[in-house]
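Visitor: Sequence and predicted structure, then a few things I'm wondering about:
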Amino acid sequence: MLLGDAVTHEPVSYEINLLPASEPDSTQKQTQKLVSSGTKIQSLGGDGGLDKKSLWDYLDQKGIKPVIKPDENALTDTDCLPRDQAVRERNDVGYKLWAKKHSYGHRWTATEGIFSAVKRVFGEQIKATSERGMEKEAACKIWAYQKLKRGRKSEKQKTPQTTTYLCNTAEFNSYQYNGIWKQRTKRGCSQDAEPEKGPRLPLKI
């Protein structure tokens with residue numbers, strides 16, 4: 001699961017799981033780590049898979065604008081005020097106007113675009129067979145994409161301290177682990193993207 005910057009179109013943070021995991025929980029964990037490291041986040045967007053009240057509340061508490069698609073039948077009188085407000089606005093103006101106003105479509109050029117590029121350049125399949133090998137291979141693909149994206153510049157560049165719009169996706173599912181996932185125990189790893197230093201491996205699991 002990956003958080004990408006819709007302005008730079010670069011990965012900002014990612015989490016690798018060998019079994020399907022909760023998108024909202026992964027997003028919140030990664031966002032918490034970015035915030036604690038001093039990254040300034042203006043907004044965070046995602047599809048309905050991120051529509052969890054605890055994530056809405058966390059983003060609101062941190063002053064991060066949630067641009068998350070609420071459930072079509074979501075109520076407007078729950079104990080989650082920021083989500084209730086978004087649902088009311090979406091219902092009043094309609095989904096298309098709501099999405100345009102809040103730039104909901106930015107998530108496609110960020111995370112979806114990143115995974116599409118990674119798959120075109122490095123292939124869709126993970127060839128490693130061990131758990132640790134799969135984690136390393138997936139991490140290295142993201143790291144290598146960042147290197148290519150930045151044109152292999154010689155000067156050091158850090159992850160932007162102002163991230164204007166983070167987006168989430170779970171497109172690692174498109175890597176064809178499916179036949180392996182069911183046979184393995186639930187283990188995962190989390191790592192911030194650091195293109196100049198390379199992935200800090202071995203990854204902590």
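Guide: Structure's in. What do you need?
Visitor: Mind giving me the packing neighbours of the longest strand anywhere in the chain?
Guide: Taking DSSP state E as the criterion, the chain has its longest strand at strand 10-17. Counting contacts by 3 or more C-beta pairs under 8 Å, 6 or more residues apart in numbering; DSSP states H and E, strand 10-17 packs against strand 2-5, helix 23-36, helix 131-149, strand 188-192. For every residue, glycine as well, the C-beta is placed using N, CA and C.
Visitor: mean confidence score for the second one?
Guide: Okay, so that is helix 23-36. For helix 23-36, mean pLDDT rounds to 92.
Visitor: buried residues in that helix?
Guide: For helix 23-36, burial by neighbour count (16 or more other C-beta atoms under 10 Å) applies to Glu23, Pro24, Ser26, Thr27, Gln28, Lys29, Gln30, Thr31, Lys33, Leu34.
Visitor: Tell me the helix or strand right after it.
Guide: strand 40-41 (DSSP states H and E).
Visitor: just to revisit the earlier point, from the buried residues of helix 23-36, which single one is nearest Ala86?
Guide: Nearest to Ala86 among the buried residues of helix 23-36: Pro24, at 15.0 Å, using C-beta to C-beta.
Visitor: which residues touch that closest one?
Guide: Residues counted as contacts of Pro24 (C-beta atoms under 8 Å, 6 or more residues apart in numbering) are Gly49, Leu50, Asp51, Lys52, Ser54, Leu55.
Visitor: pLDDT score for the residue nearest to it when sequence neighbours are not counted?
Guide: Computed as C-beta to C-beta, 6 or more residues apart in numbering, the closest residue to Pro24 that is not its neighbour in sequence is Lys52, at 3.7 Å. The score at Lys52 is 94. That number is its pLDDT.
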